[in-house]
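**Student:** got a predicted structure plus its sequence, pasted below:
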Amino acid sequence: MISLEKIAVIVQGPVVPPGKPDQYATCDTLKSARHLLPGAQIILSTWENSDVTGLDFDTLVTSQDPGSFPIMDLRACNINRQITSTREGLRKANRPYAVKLRSDCLLENLGFLNYWEQFPDRSPDCQIFARRIAACACYFRNPAKREKAYLFHPSDIFQFGLTTDLLDLWDIPLANKNVCVPPARPIPFLYQYEPCWYNKVEEQYGWLECLNKHGVKADLKYAWEFSLKLANLSELSMANNFVVMSMKDCGVKLPSKISRYSQELVYKHEEWLGIYHLFCSQRRTPIGKWLRDAQLLQTHFHSILNHLYHVGRHYLVRALLKLKDIFGIPTRNKPKGYPLPFAPAVVYFKGVKFPMPCHLNDNYEYPEWILSDKTRRPYDDAQSWWVV
């Protein structure tokens with residue numbers, strides 16, 4: 001068992017005041033770390049001019065806020081904030097082990113210490129860190145589940161490992177705004193009707209930058225690019241460098257805005273254990289590898305069938321709308337937020353062309369900017385939903 005005095009806890013992010021909905025206060029985050037890890041170095045890594053009055057920490061690290069990138073008008077991409085606050089906090093750590101903890105999460109137990117040393121087998125290929133990094137399952141995407149694969153997508157909510165390994169993971173260049181725009185390169189026809197807000201999502205950007213820094217040639221043309229070769233490399237990198245723990249076992253309590261994320265899309269610990277035995281264990285067999293490849297291909301095949309269905313429905317709706325115009329059938333104006341069984345193929349926002357999904361359910365409501373933007377091209381009148 002690791003001595004608690006050898007651990008540094010990096011609480012990173014903005015200082016969350018008490019009473020904020022959907023988040024735990026940073027003062028409670030620090031108290032939980034102090035209670036469960038007496039003798040550990042508690043580091044608060046936040047932004048300049050933050051109010052830290054009354055907070056319990058050993059070391060305060062303040063950085064200039066690098067800001068975020070707008071993703072349309074939907075939300076902000078905070079990857080640079082996470083890189084900066086985590087990296088600067090780790091640089092001040094003077095203990096051999098480190099915990100990376102968001103400033104709006106709580107520590108409930110030390111289960112992560114039990115998991116970290118249980119899996120000693122490593123593959124010589126794609127071995128980035130000296131020891132594995134323990135991470136929670138939330139946001140640790142499993143490419144064999146559901147539709148879009150999202151390869152190279154580890155969780156960045158909670159991490160534990162050697163301080164040098166965590167610093168290696170987070171000592172990467174800041175992202176530029178091109179990470180949060182639609183891919184400039186052509187994407188396959190079937191994926192042209194998906195919301196391409198990213199070249200890569202935040203977790204993919206961080207892990208791919210770390211891999212490339214170590215000479216592993218891995219890149220994605222768009223966030224859900226899939227091939228069997230990329231999928232195998234992604235799972236090898238996950239099995240060889242991380243340990244995936246359930247939320248209960250890792251001992252972290254997430255704010256409700258994160259815990260609502262679907263657990264159907266992520267690795268369970270047992271599923272991570274399967275790829276661990278597949279890529280790293282001495283017991284691995286070719287048959288196991290073939291079965292896993294078949295599972296990945298089956299998921300991707302189902303995704304293609306799903307896209308074919310929705311693209312076909314999309315063109316059917318467009319054909320019906322065209323017939324409506326030919327025969328002069330009037331279309332009633334639809335108020336803001338009116339649910340539609342179809343979606344436009346393309347929208348124009350501030351002069352930029354964006355693909356839109358065509359598989360939205362009947363309860364979907366479009367964001368305000370689609371209705372309010374004056375550059376849109378209506379198919380009947382100024383307040384109607386439109387198709388290009």
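**Tutor:** Perfect, I can see it now. Residues are numbered from 1 along each chain as shown.
**Student:** any chance you could map the helices in the stretch 101-250 of the chain?
**Tutor:** 111-116, 163-170, 202-213, 228-241, 247-250 (DSSP state H, counting those that start in this stretch).
**Student:** now do the first one: which elements does it pack against?
**Tutor:** This points to helix 111-116. strand 133-136, strand 158-162, strand 242-245, helix 247-250 (3 or more C-beta pairs under 8 Å, 6 or more residues apart in numbering; DSSP states H and E). For glycine as for every other residue, the C-beta is placed from the backbone atoms N, C-alpha and C.
**Student:** and of those, who's closest to residue 10?
**Tutor:** strand 158-162 (9.4 Å; C-beta to C-beta).
**Student:** show me what that closest one is packed up against.
**Tutor:** strand 97-102, helix 111-116, strand 133-136.
**Student:** least reliable of the ones you listed going by mean pLDDT?
**Tutor:** In terms of mean pLDDT, the lowest-scoring of the helices and strands packed on strand 158-162 is helix 111-116 (a mean of 88).
**Student:** what are the buried residues along that helix?
**Tutor:** Using 16 or more other C-beta atoms under 10 Å as the test for burial, helix 111-116 gives 111-113, 115-116.
**Student:** and what of stretch 205-222?
**Tutor:** For stretch 205-222, by 16+ other C-beta under 10 Å, it's 205-211, 216, 218, 220, 222.
**Student:** kindly report the same for stretch 222-238.
**Tutor:** 222-226, 230-238.
**Student:** swap in stretch 36-48?
**Tutor:** Applying 16+ other C-beta under 10 Å to stretch 36-48 flags 36-37, 40-47 as buried.
**Student:** CA atoms only: put it into CSV for me.
**Tutor:** Extracted in CSV, the C-alpha atoms of stretch 36-48 (Å, rounded to 0.1, in the frame of the first residue of the first chain):
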residue,chain,number,x,y,z
LEU,A,36,-9.1,10.9,3.1
LEU,A,37,-5.4,11.8,2.4
PRO,A,38,-3.9,13.2,5.6
GLY,A,39,-0.3,14.1,5.0
ALA,A,40,-0.7,14.4,1.3
GLN,A,41,0.3,17.6,-0.5
ILE,A,42,-2.9,19.4,-1.5
ILE,A,43,-2.4,21.7,-4.6
LEU,A,44,-5.0,24.1,-5.9
SER,A,45,-4.3,25.0,-9.5
THR,A,46,-6.7,27.7,-10.6
TRP,A,47,-6.8,31.1,-12.4
GLU,A,48,-5.4,34.5,-11.4
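**Student:** on that earlier part again, so which of the buried residues of stretch 205-222 sits lowest on pLDDT?
**Tutor:** The minimum pLDDT among those falls on residue 222, with 78.
**Student:** so it is in contact with residue 199, correct?
**Tutor:** Yes - with contacts counted by C-beta atoms under 8 Å, residue 222 reaches residue 199, the gap being 6.2 Å.
**Student:** what residues are up against the closest residue to residue 234 other than its chain neighbours?
**Tutor:** Among residues not flanking residue 234 along the chain, residue 151 sits closest, at 3.9 Å (C-beta to C-beta, 6 or more residues apart in numbering). By C-beta atoms under 8 Å, 6 or more residues apart in numbering, residue 151 lies in contact with 143, 204, 220, 225-226, 230-231, 234.
**Student:** correct me if wrong: residue 68 contacts residue 82.
**Tutor:** No - look at residue 68 against residue 82 with C-beta under 8 Å: they stay out of range, at 10.1 Å.
**Student:** looking at these two, which is more packed in?
**Tutor:** residue 82 (20 against 15; other C-beta atoms under 10 Å).
**Student:** for residue 129, see how far away that one is.
**Tutor:** 19 Å (C-beta to C-beta, to the nearest Å).
**Student:** surely residue 80 meets residue 66?
**Tutor:** Yes - in this structure, residue 80 is within contact of residue 66 by C-beta under 8 Å, at 4.2 Å.
**Student:** give me the common contacts of those two.
**Tutor:** With C-beta under 8 Å, 6+ apart as the test, residue 80 and residue 66 both reach residue 174.
**Student:** who's more crowded, these two?
**Tutor:** residue 80 (21 against 16).
**Student:** please list the residues outside the helix or strand encompassing the more buried one that contact it.
**Tutor:** Per DSSP states H and E, residue 80 falls inside helix 79-91. By C-beta under 8 Å, 6+ apart, the list of residues contacting helix 79-91 from outside reads 10-13, 43-47, 61, 63, 65-69, 98, 100, 156, 163, 166-167, 170-172, 174-175, 179, 202, 205-206.
**Student:** ok, of those, which come out buried?
**Tutor:** Members of the contacts of helix 79-91 classed as buried by 16+ other C-beta under 10 Å are 10-13, 43-47, 61, 63, 65-66, 69, 98, 100, 156, 163, 166-167, 170, 172, 175, 179, 202, 205-206.
**Student:** just for the chain, where's the confidence low?
**Tutor:** Within the chain, the segments meeting pLDDT under 70 span 71-75, 146-148, 180-198, 260-262, 307, 310-311, 314, 329-388.
**Student:** other SSEs contacting the longest helix that it contains?
**Tutor:** For the chain, the longest helix by residue count, based on DSSP state H, is helix 286-326. Here helix 286-326 touches helix 228-241, helix 269-279, going by 3+ C-beta pairs under 8 Å, 6+ apart.
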